[in-house]
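S.K.: based on what follows, work out the 3D shape:
(one chain, ligands or ions: 1)
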Amino acid sequence: MRPGCHPPFSGASEANRVLIVLRHIAKSPIDTTVRNPIQQTMALAKPLLRLAASVLLAAGLAGLACAQDNPAAWITRLFQPPASAKVSAPTDTTQWSGQSGASGDPRMTADAIRAAAADFGNCIAALWPDAERRGITRGAYERLTAGLTPDLSIMDKLDAQPEFTKATWDYLDLLVSDDRVAQGKALLAHYAPTFAAVERAYGVDRYIIAAIWDVESDFGTMIGDRPVLRSTATLACVGRRRDFFRGEFVAALQILQRGDIPPDRLVGSWAGAFGPTQFMPTSFLRYAVDFDRDGRRDVVDSIPDMIASTANNLRMDGWVPGETWGYEVTLPQHFNYLLADSPRQLTVRQWENLGLRRANGEPFPRPAERGGLLLPAGARGPAFLMLQNFRVIMKYNPAEAYALATGHLADRLRGGSPLVHPWPRDERVLTLAERYQMQQLLAGRGFRVGEPDGFIGPQTRLAIRSFQGSVGEIPDGFASSEVLDRLRQR
Ligand code: CA
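M.R.: All right, here's what the predicted structure looks like:
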């Protein structure tokens with residue numbers, strides 16, 4: 001049920017796992033286990049990080065920064081697959097666990113993975129028509145895919161979903177720490193002229209860009225070092241996300257053929273996201289801009305290109321200049337929780353008339369804005385009024401916890417306060433298997449949850465609400481262990 005995929009994050013390994021998790025849920029997770037020398041330097045010494053970044057910025061500003069229809073079958077046959085791809089064999093299986101994936105998808109069994117890996121060369125060869133339609137030359141295709149082998153260790157990551165068992169508050173604790181707020185403020189001060197120029201050009205709030213930069217890669221220190229072409233090729237040919245990654249693989253070929261980013265710098269997460277703000281190849285093609293005007297769109301090593309490309313991405317996804325992402329709100333007593341998660345957006349004034357107030361006691365600055373209500377932890381947790389820009393952040397990385405962390409971090413960077421309402425930290429977070437079961441049990445009772453996938457989104461929450469209402473409980477839509485117990489009983 002998730003749309004697309006990607007991403008990563010912080011210096012601490014736990015934080016990295018969280019980023020990976022969020023990416024996993026959303027775009028496509030990021031690999032944080034390996035860093036390039038520059039990244040290692042950055043992680044070891046924050047002052048050095050800033051120095052290195054400023055050098056890159058200076059270089060970038062000086063223009064020196066390193067930034068149809070299906071063809072007939074006979075045409076396909078006319079072009080023989082690249083010899084290199086034909087003979088390539090899976091050589092990098094040493095890091096793969098050899099285990100079947102946890103998803104239960106038939107393409108993720110150990111046997112299916114081995115079979116797909118053995119057929120990798122043919123699979124790459126069969127992708128040539130896609131590449132040709134996208135303007136890849138035969139020569140470039142052969143050169144770029146020569147010697148390409150699958151990285152099967154990605155299969156363990158594709159189906160490892162520990163993050164699904166993490167609570168929203170755990171994400172926020174890790175992603176919006178005081179340390180990160182301090183880092184972000186220093187970064188905003190250091191690149192103030194670039195952020196200002198990008199704000200003028202794209203109308204996107206600098207604090208959101210800085211927050212995305214932070215959440216995605218811990219300010220560029222955790223961007224992964226797997227070759228994007230190899231990762232996307234692997235995922236296009238092996239495992240359960242092939243259709244999605246075929247496009248990413250071809251997009252990676254396009255980036256390399258155009259020379260926007262050199263092959264040794266087009267590295268990133270296991271899911272193919274690269275650069276400090278973790279662009280997927282197709283997103284790069286759509287949104288990247290050459291802000292430092294050196295002729296290349298380089299979201300990896302040019303900070304102006306990276307900041308501006310991220311802003312352009314948000315703008316083209318519908319960012320509303322001058323608005324924020326949302327507000328923490330306080331609900332009145334006896335609130336009708338069925339109003340949460342509604343696809344119908346009310347104006348802030350209408351929400352006020354229903355009794356909502358900003359949690360920090362301040363007035364809503366723009367009563368005509370429209371938004372919806374989100375209760376990530378049910379009636380016992382904080383509530384948020386989400387505006388259009390929240391949905392834009394969700395397009396960048398479609399995980400509510402990600403969007404919430406990014407928006408809240410942006411507020412903190414702007415000088416805002418921590419959340420007012422506490423989280424229900426005593427709640428036991430359901431495992432992925434339990435969430436699957438909850439969806440299956442709901443479906444078995446006739447509540448619509450779509451295809452059970454272990455992901456608790458608006459549709460599942462609506463089903464939970466309906467179930468809660470049917471048994472006389474507060475319909476807050478929270479997938480609690482209590483609700484699961486109740487579903488199992490009846
Ligand atoms: Ca450039």
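S.K.: flag every residue of the stretch 151-300 of the chain that's near the ion.
M.R.: Counting by C-beta under 5 Å from the ion, the stretch 151-300 of the chain comes close to the ion at 290, 292, 294, 296, 298. Just so you know, the C-beta spots here come from the backbone N, C-alpha and C atoms, and that holds for glycine as well.
S.K.: my read is Ile154 is in a strand, agree?
M.R.: No. Checked against DSSP: H, G, I helix; E, B strand; the rest coil, Ile154 lies outside a strand; its state is helix.
S.K.: contacting residues around it?
M.R.: 226, 231, 234-235, 238-239, 270-271 (C-beta atoms under 8 Å, 6 or more residues apart in numbering).
S.K.: quick one on the thing from earlier: which members of the residues of the stretch 151-300 of the chain next to the ion occur in strands, if any?
M.R.: Secondary structure from DSSP state E places none of those in strands.
S.K.: where do the domain boundaries of the chain fall?
M.R.: Following automatic domain parsing, one finds the domains of the chain at 1-319, 326-413, 432-489.
S.K.: could you export the ones you listed as JSON lines, including mean pLDDT?
M.R.: Output for those, formatted as JSON lines (pLDDT from 0 to 100):
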{"stretch": "domain 1-319", "mean pLDDT": "76"}
{"stretch": "domain 326-413", "mean pLDDT": "94"}
{"stretch": "domain 432-489", "mean pLDDT": "92"}
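S.K.: dump those domains into TSV; add distance to Pro422 as well.
M.R.: Shown next, in TSV, are those (distance: least, C-beta to C-beta, whole Å):
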stretch	distance to Pro422
domain 1-319	9
domain 326-413	8
domain 432-489	15
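S.K.: secondary structure class of the residue of the stretch 101-250 of the chain found nearest the ion, three-state.
M.R.: Nearest to the ion, among the residues of the stretch 101-250 of the chain, is Thr194, at 12.4 Å (C-beta to the ion). Put simply, Thr194 is helix when judged by three-state DSSP.
S.K.: swap in Leu373?
M.R.: Strictly by three-state DSSP, Leu373 counts as strand.
S.K.: which ones are touching Met386?
M.R.: Counting by C-beta under 8 Å, 6+ apart, Met386 touches 325-326, 371-374.
S.K.: got it, and Pro458?
M.R.: Applying C-beta under 8 Å, 6+ apart to Pro458 gives the contacts 341, 343.
S.K.: how much space separates it from Leu374?
M.R.: Note on Pro458: its distance to Leu374, by C-beta to C-beta, to the nearest Å, is 9 Å.
S.K.: what residue in the stretch 351-490 of the chain comes nearest to the ion?
M.R.: Counting by C-beta to the ion, the stretch 351-490 of the chain gets nearest the ion through Tyr396, at 21.0 Å.
S.K.: run through the strands of this structure in chain order.
M.R.: So, for the chain - with DSSP E - the strands run 226-227, 267-268, 326-330, 346-347, 357-358, 370-374, 383-387.
S.K.: who does the fourth one pair up with?
M.R.: Within its sheet, strand 346-347 is paired with strand 370-374 (antiparallel), according to DSSP bridges.
S.K.: ok, residues contacting the partner strand?
M.R.: Counting by C-beta under 8 Å, 6+ apart, residues outside strand 370-374 touching it are 326, 329, 339-348, 351, 356, 383-388, 390, 400, 404.
S.K.: rerun that using 10 Å as the cut-off
M.R.: Residues from elsewhere that reach strand 370-374, judged by C-beta atoms under 10 Å, 6 or more residues apart in numbering: 323, 325-327, 329, 331, 335, 337, 339-351, 354, 356, 364, 382-391, 400, 403-404, 458, 461, 477.
S.K.: stretch 342-357 too?
M.R.: With C-beta under 10 Å, 6+ apart, stretch 342-357 has contacts from 327, 329-336, 339, 358, 363-373, 383, 385-388, 391, 458, 462.
S.K.: put the alpha carbons of that stretch into PDB.
M.R.: C-alpha atoms of stretch 342-357 as PDB (Å, rounded to 0.1, in the frame of the first residue of the first chain):
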ATOM      1  CA  SER A 342     -10.600  12.700   7.700                       C
ATOM      2  CA  PRO A 343      -9.800  13.300   4.100                       C
ATOM      3  CA  ARG A 344     -12.000  16.400   4.400                       C
ATOM      4  CA  GLN A 345      -9.800  19.400   5.300                       C
ATOM      5  CA  LEU A 346     -11.300  22.100   7.500                       C
ATOM      6  CA  THR A 347     -10.000  25.600   7.900                       C
ATOM      7  CA  VAL A 348      -8.100  26.500  11.000                       C
ATOM      8  CA  ARG A 349     -11.000  28.700  12.000                       C
ATOM      9  CA  GLN A 350     -13.400  25.700  11.700                       C
ATOM     10  CA  TRP A 351     -11.100  23.600  13.900                       C
ATOM     11  CA  GLU A 352     -11.000  26.400  16.400                       C
ATOM     12  CA  ASN A 353     -14.800  26.400  16.500                       C
ATOM     13  CA  LEU A 354     -14.600  22.700  17.300                       C
ATOM     14  CA  GLY A 355     -12.500  23.600  20.300                       C
ATOM     15  CA  LEU A 356      -9.000  23.100  19.100                       C
ATOM     16  CA  ARG A 357      -6.300  25.400  20.400                       C
END
